[in-house]
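*Asks:* A structural model of the following input is requested.
(one chain, ligands or ions: 2)
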Amino acid sequence: MASRCGRRWWRRHQGIQFTKIPVNLEFSVSEATVVTELRPPVALTIAGSDSGGGAGIQADLRTFAFQRVHGTAALTCVTAQNTLGVSRVDALPPEAVAAQIEAVVGDIGVQGIKTGMLLNQEIVQEVAHQVERLGLNPLVVDPVMVSRTGAKLLAEEAIVAIRERLIPLAQVLTPNRYEAQILSGLELHSLEDMKAAAERIGYQGSPAVLVKGGGMPGELQGVDVWFDGQRLEVLKTERIPTRHTHGTGCTLSAAIAAQLAWGKEPFEAVQQAKLYVTEALRHPLAIGAGQGPVGHFYPLLG
Ligand SMILES: Nc1ncnc2c1ncn2[C@@H]1O[C@H](COP(=O)(O)OP(=O)(O)O)[C@@H](O)[C@H]1O
Ligand SMILES: Cc1ncc(COP(=O)(O)OP(=O)(O)O)c(N)n1
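*Replies:* Residues are numbered from 1 along each chain as shown. Ligands and ions are numbered 1, 2, ... in the order given. The predicted structure follows:
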């Protein structure tokens, strides 16, 4: 409670009008008061924190909310990050990651899961173990390795664990250009290269792969390639001319997980998610001195 002197100071300096609030307010709830209990689908993100709020857990939870899904989170690491880059990363112990997953799944239950930045081999292995043990699905694996600003987000030795332990458990895998090159062993310069990489990664054992084009040259920036063992599809939107693309990959994979939590089929989930990320890119946040985040809350803009 502010002191009298404090209140006078505040009034003088801010010119704010104060309304006298009656003491002993009696609240009465009429019988007509309606409480609407909701039972939304629940999604879980297993990812890192981005202090700048553009990617990672922060982007995932906002995306879940705009897909009308309740978002839960298991934090893997904490990054000190802004629009200019990553200055520090602190890992959580794998047991702490496991405990968060267990806490959410054991009580609330989840209908859609995504993994993002897993940082090191121990965390990748623990997450894969929990996914298997708890039978978590449908699972979207965003194999986060390097940010667009060039920061290394995954230890070298963890790539093998992602490939061998986690990818086989995924319903949808969403590598960007750089990650698709590592997983396929191919160089990606053209649409044909993206298709070849999607097929090669798919045949390595992931049910469905979406090779994302944000890191490709020119118009390919709005183009993604889908391969699910049978269908090879090109998902194309126009290239959005903005440098504020931070968090596109996190947003896309979170939106896919949310759509899967709603019961959508994987390809339809991907189509819906791409619409969301494209509109978010069309309303980017020009904050900070570098690469700002996509605008998750564009649906509120009217
Ligand atoms: N400039 C852009 N214009 C249109 N779509 C884009 C653009 N940049 C990225 N995307 C889309 O954003 C999604 C995430 O892709 P990408 O940026 O490659 O992922 P990541 O953030 O993991 O590198 C994809 O659907 C991609 O096509
Ligand atoms: C904590 C954290 N997680 C993931 C990323 C990478 O974000 P992403 O959306 O894949 O892509 P860019 O921001 O690199 O375009 C991150 N930077 N931090």
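*Asks:* Flag the shaky bits of the chain, pLDDT-wise.
*Replies:* Where the chain drops to pLDDT under 70, the residues are 1-30.
*Asks:* which bits of it sit near ligand 1?
*Replies:* Within reach of ligand 1 by CB under 6 Å from any ligand atom, the chain has these residues: 148, 176, 212-215, 221-222, 224, 237, 239-240, 245, 248-249, 252, 274, 277-278, 281. All C-beta atoms are positioned from the backbone trio N, CA, C, and that covers glycine.
*Asks:* residues from the chain in reach of ligand 2?
*Replies:* 47-50, 55-56, 79, 81, 116-117, 144, 147-148, 153, 245-250.
*Asks:* So which of the residues of the chain next to ligand 1 belong to helices?
*Replies:* Judged by DSSP state H, helices contain the following of these: 248, 249, 252, 274, 277, 278, 281.
*Asks:* burial of the spatially closest residue to residue 228 that is not a sequence neighbour, as a residue count?
*Replies:* Nearest residue to residue 228 in three dimensions, chain neighbours excluded: residue 208, at 4.0 Å (CB to CB, 6 or more residues apart in numbering). The number of residues packed near residue 208 is 23, by other CB atoms under 10 Å.
*Asks:* if we can go back for a sec, of the ones in helices among the residues of the chain next to ligand 1, closest to ligand 2?
*Replies:* Here the nearest of these to ligand 2, counting by CB to the nearest ligand atom, is residue 249; it sits at 2.9 Å.
*Asks:* So that closest one is in contact with residue 211, correct?
*Replies:* No - contact criterion CB atoms under 8 Å: residue 249 and residue 211 do not qualify, at 11.7 Å.
*Asks:* which residues do those two both contact?
*Replies:* Residues touching both residue 249 and residue 211 (CB atoms under 8 Å, 6 or more residues apart in numbering) are residue 176.
*Asks:* what about the helices in the stretch 1-150 of the chain?
*Replies:* Here the stretch 1-150 of the chain has its helices, by DSSP state H, counting those that start in this stretch, at 4-14, 56-66, 94-107, 121-133.
*Asks:* what's the most buried one of those?
*Replies:* Across the helices of the stretch 1-150 of the chain, averaging neighbours per residue (mean count of other CB atoms under 10 Å) puts helix 56-66 on top, at a mean of 24.
*Asks:* which outside residues touch the host helix or strand of residue 178?
*Replies:* Per DSSP states H and E, residue 178 falls inside helix 177-184. For helix 177-184, contacts defined as CB under 8 Å, 6+ apart pick out 143-146, 159, 163, 167, 175, 186-188, 194, 196-198, 200-201, 204, 211-216.
*Asks:* Give the buried residues for that helix.
*Replies:* Judged by neighbour count using 16 or more other CB atoms under 10 Å, the buried positions of helix 177-184 are 177, 179, 180, 181, 182, 183, 184.
*Asks:* And stretch 32-49, by the same measure?
*Replies:* Within stretch 32-49, the residues scored as buried using 16+ other CB under 10 Å are 40, 41, 42, 43, 44, 45, 46, 47, 48, 49.
*Asks:* My guess is residue 126 contacts residue 94. True?
*Replies:* Yes - counting by CB under 8 Å, residue 126 touches residue 94, with 3.7 Å between them.
*Asks:* re the thing from before, next one: the residue nearest to residue 228 relative to ligand 2, how far apart?
*Replies:* Distance, residue 208 to ligand 2, using CB to the nearest ligand atom, to the nearest Å: 18 Å.
*Asks:* How about the contacts made by that residue?
*Replies:* Per CB under 8 Å, 6+ apart, neighbours of residue 208: 171, 172, 173, 202, 226, 227, 228, 229, 266, 267.
*Asks:* Among those residues, which ones are in helices?
*Replies:* Counting by DSSP H, the contacts of residue 208 place 202, 266, 267 in helices.
*Asks:* Can you tell me which of these is closest to residue 137?
*Replies:* Closest approach between those and residue 137, by CB to CB: residue 266, at 11.3 Å.
*Asks:* Distance-wise, check the closest one relative to ligand 2.
*Replies:* From residue 266 to ligand 2 the distance is 20 Å (CB to the nearest ligand atom).
*Asks:* Quick one: neighbours of that residue, just the number.
*Replies:* 19.
*Asks:* by how many degrees do the lengthiest strand in the chain and helix 56-66 diverge?
*Replies:* Secondary structure of the chain per DSSP state E: the longest strand is strand 70-82. Orientation check (axes from the mean of the first three to the mean of the last three CA atoms, to 10 degrees): strand 70-82 against helix 56-66 gives 140 degrees.
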